[in-house]
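Novice: need coordinates for the below:
(one chain, ligands or ions: 1)
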Amino acid sequence: MSLISLFRKNNHTKLFTTPSHSQKFFIFHKFRQFYKYDISETEAHDPQSALNKAQNRAADIYGTKATYFLTNGSTSGIHAAVLCCVKKDEKVLLWKSAHRSHLNAVKLAGAIPVFYEHPHSDTWDVPLGVEPAAIDNLLKGNNIKALIVTSPTYEGYTSDIRAIQAICKRNGVYLIVDEAHGALYPFSDRLPESAVNIADFTIQSLHKTAGGLNPTALLHVNCELDAKPALDMIMTTSPSYPLLATIEANINYLNSSKGRKKLSELIQALCELRHSCPNCDFGGNDVTKILVRIPKFSGFALSELLFDKYNIEDEITNSKSTMLLCGLGTDTKKINALKSALQKLSQL
Ligand SMILES: Cc1ncc(COP(=O)(O)O)c(C=O)c1O
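Specialist: Got it, this is the predicted structure:
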């Protein structure tokens, strides 16, 4: 039985168990449905075996050795991946400006951080993907146990994960890819190649671009290590089954023909936006991140104009460009509003 179908089943057992709201005492009425599905590991519900089955099905869909559902974001997946493959006093190579979860994971493991830098684009004022050759140099003779790579970067630059994995293999280094912003990649060949079948560990946030609820995420494992003990160290013993069920539904949707069509339409609309704004420059190698630059404005000025004049809020801005994040919930109406604003601003 799947987690989703578990919630279709009526349960008549008188539960003297946690959670004590008993699925029918709704302190916060607006979330009534949430309370109804908020179950725990009772014999009557047995959500644990439904979760195991759902995770196994997810591993089949992604083609991984194991895929784990996370309800504490990519942060927890990165922590678990590092705890899984690194021991105290071993070295981890990580990006100096990476998301804070990377360094925190190294600290939790009692490991030693060794930092690398990404090349920086002065045109866009953003970090580019990391060069495999630079990684190769850093791994040589440094006795590194694991490498963490962020691909894509927040602004949408990817790295050559295949080349980096080949280098890691040669040096006996585990590769952990933070693909928090690339959860759509496995479902379209018009997006960059996903790391899920390449890296030893890949972490994706479903909530960022793939239509998931905050803070749902996935940890994919492709090596011989068992990530379960590491996950047990950092995950609650009372997981949210409603959130876990949304992860199952989310993956099923992404993998369905309906979901793939929706994604393909989104990509098409975003390619069209780029073509219909010839006076704007677009950067990055992921079309779902609109990294845009209008040379006569600084990124900060462009961001302010979009917000003040057109009621459009971007995700992140810098001195040269600004990035508007798109995902499964970005509809044509919103894309057209942005297109019209960019056209007007670039013709001022
Ligand atoms: C590159 C990157 N990695 C990891 C994370 C952590 O993701 P989550 O919020 O799902 O824990 C973020 C969040 O902003 C991020 O931008």
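Novice: for the residue in the chain positioned nearest to the ligand, grab the count of nearby residues.
Specialist: The nearest approach of the chain to the ligand comes at Gly73, 2.4 Å away (C-beta to the nearest ligand atom). Quick note: C-beta positions are derived from backbone N, CA and C, even for glycine. Residues near Gly73, counting by other C-beta atoms under 10 Å, number 20.
Novice: now do the one 3 residues further on
Specialist: The criterion is other C-beta under 10 Å. On that basis, Ser76 has 22 neighbouring residues.
Novice: for the strand or helix carrying it, packing partners?
Specialist: Under the criterion DSSP states H and E, the helix or strand holding Ser76 is helix 73-85. Contact partners of helix 73-85 among helices and strands, from 3 or more C-beta pairs under 8 Å, 6 or more residues apart in numbering; DSSP states H and E: strand 66-70, helix 100-109, strand 144-150, strand 174-178, strand 201-205, strand 217-221, helix 228-234.
Novice: and the contacts of stretch 142-150?
Specialist: By C-beta atoms under 8 Å, 6 or more residues apart in numbering, the residues outside stretch 142-150 that reach it are 78, 82, 85-87, 90-95, 98-99, 102, 105, 111, 114, 130, 135, 138-139, 159, 161, 164, 168, 171, 173-178, 180, 199.
Novice: most tightly surrounded among the helices and strands packed on helix 73-85?
Specialist: Sort the helices and strands packed on helix 73-85 by mean neighbour count, taking mean count of other C-beta atoms under 10 Å, and strand 201-205 sits at the top with a mean of 29.
Novice: got a list of contacts for the following helix or strand past that one?
Specialist: The first helix or strand that comes after strand 201-205 along the chain, using DSSP H and E, is helix 206-209. Defining contact as C-beta under 8 Å, 6+ apart, one finds that helix 206-209 is touched by 73, 180-184, 212-218, 247, 250, 288, 325-328.
Novice: starting at the chain centroid, how far to helix 206-209?
Specialist: Centroid separation for helix 206-209 versus its chain: 6 Å, with C-alpha atoms, centre = their mean, to the nearest Å.
Novice: circling back to that earlier point, reformat the helices and strands packed on helix 73-85 as TSV; add mean pLDDT and distance to Leu305.
Specialist: Output for those, formatted as TSV (pLDDT from 0 to 100; distance: least, C-beta to C-beta, whole Å):
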stretch	mean pLDDT	distance to Leu305
strand 66-70	98	38
helix 100-109	98	31
strand 144-150	98	29
strand 174-178	99	32
strand 201-205	99	29
strand 217-221	98	34
helix 228-234	97	43
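Novice: quick check: residues of the stretch 51-200 of the chain near the ligand?
Specialist: Within the stretch 51-200 of the chain, the positions lying close to the ligand (C-beta under 6 Å from any ligand atom) are Gly73, Ser74, Thr75, His99, Ser101, Thr150, Tyr154, Asp178, Ala180, His181.
Novice: so what does the longest helix along the chain touch, helix or strand wise?
Specialist: Taking residue count as the measure and DSSP state H as the definition, the longest helix of the chain comes out as helix 257-275. Packed against helix 257-275, as judged by 3+ C-beta pairs under 8 Å, 6+ apart, are the following elements: helix 241-255, helix 332-346.
Novice: CA atoms only for the last one - export them in CSV, please.
Specialist: In CSV, the C-alpha atoms belonging to helix 332-346 read as follows (Å, rounded to 0.1, in the frame of the first residue of the first chain):
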residue,chain,number,x,y,z
THR,A,332,1.8,31.5,-18.3
LYS,A,333,0.0,34.6,-16.8
LYS,A,334,3.0,35.3,-14.5
ILE,A,335,5.5,34.6,-17.3
ASN,A,336,3.7,37.0,-19.6
ALA,A,337,3.6,39.7,-17.0
LEU,A,338,7.4,39.3,-16.6
LYS,A,339,7.9,39.3,-20.4
SER,A,340,6.0,42.5,-20.8
ALA,A,341,7.8,44.2,-17.9
LEU,A,342,11.3,43.1,-19.3
GLN,A,343,10.3,44.3,-22.8
LYS,A,344,9.3,47.7,-21.5
LEU,A,345,12.3,48.2,-19.2
SER,A,346,14.7,47.2,-21.8
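Novice: could you tell me which residues within that helix count as buried?
Specialist: The neighbour-count check on helix 332-346 (16 or more other C-beta atoms under 10 Å) flags Ile335, Leu338, Lys339, Ala341, Leu342, Leu345, Ser346 as buried.
Novice: tell me the contacts of the fourth one?
Specialist: Contacts here follow C-beta under 8 Å, 6+ apart; on that basis Ala341 touches Leu306, Lys309, Tyr310, Ile312.
Novice: list the contacts for the residue nearest to it when sequence neighbours are not counted?
Specialist: Leaving out its chain neighbours, the residue that sits closest to Ala341 by C-beta to C-beta, 6 or more residues apart in numbering is Tyr310, at 4.0 Å. For Tyr310, the contacting residues are Ala337, Leu338, Ala341, by C-beta under 8 Å, 6+ apart.
Novice: verify the stated contact: the second one with Cys326.
Specialist: No - with contacts defined as C-beta atoms under 8 Å, Leu338 does not count as touching Cys326, sitting 9.1 Å away.
Novice: so which elements touch the helix or strand bottoming out on mean pLDDT in the chain?
Specialist: In the chain, the helix or strand scored least confidently by mean pLDDT, DSSP states H and E is helix 3-6, which has a mean of 87. Secondary-structure packing of helix 3-6 (3+ C-beta pairs under 8 Å, 6+ apart): helix 47-62, helix 241-255.
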